[in-house]
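J.: okay, sequence plus prediction incoming.
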Amino acid sequence: MPRDGIHRAILWVLALSVVAGAAFAIVGETAAHDPVMVRVGAGVALVAGVIYAFFRRLGMKESKRRGDSDGGPNE
């Protein structure tokens, strides 16, 4: 995981967006029985997941470029 605060913040917000979108889709399917809620929740989760993967990769590239370690548990 990148060390920069902004990259970590972006990743946290996107991860929470994935969880929120998935929860929205699950509630739409189980409790509300609303196909629009399912589609919106799944769409939010999918888009946030793709953006998360992009920023994760971007952060790892930047860390390697700077010569930072991967930020593992031994640091």
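T.: Okay, I see it.

J.: how about the strands of the protein, start to end?
T.: Using DSSP state E, the chain contains no strands.

J.: which stretches of it form helices?
T.: All helices of the chain, identified by DSSP state H, fall at 5-30, 35-66.

J.: want to try a markdown table for those helices, with mean neighbour count as columns?
T.: In short, each C-beta sits where N, CA and C put it, glycine included. Listed next are the helices of the chain as a markdown table, based on neighbours: other C-beta atoms under 10 Å:
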| stretch | mean neighbour count |
| --- | --- |
| helix 5-30 | 15 |
| helix 35-66 | 15 |
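
J.: dump these to JSON lines, plus mean pLDDT.
T.: JSON lines is the format used below for the helices of the chain (pLDDT from 0 to 100):
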{"stretch": "helix 5-30", "mean pLDDT": "92"}
{"stretch": "helix 35-66", "mean pLDDT": "91"}
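
J.: let me know the outermost residue of the chain.
T.: In the chain, the residue that sits farthest from the middle, by C-alpha atoms, centre = their mean, is residue 33; the gap is 26.0 Å.

J.: just the pLDDT at it, thanks.
T.: pLDDT recorded at residue 33 is 90.

J.: I figured residue 4 hits residue 58, correct?
T.: No: applying C-beta atoms under 8 Å, one finds residue 4 not in contact with residue 58, separated by 10.5 Å.

J.: residue 19 and residue 41: what is the separation?
T.: 11 Å (C-beta to C-beta, to the nearest Å).

J.: again, but for residue 24
T.: Distance of residue 24 to residue 41, computed by C-beta to C-beta: 3 Å.

J.: swap in residue 56?
T.: From residue 56 to residue 41 the distance is 22 Å (C-beta to C-beta).

J.: nearest residue to residue 35 other than its sequence neighbours?
T.: residue 28 (7.4 Å; C-beta to C-beta, 6 or more residues apart in numbering).
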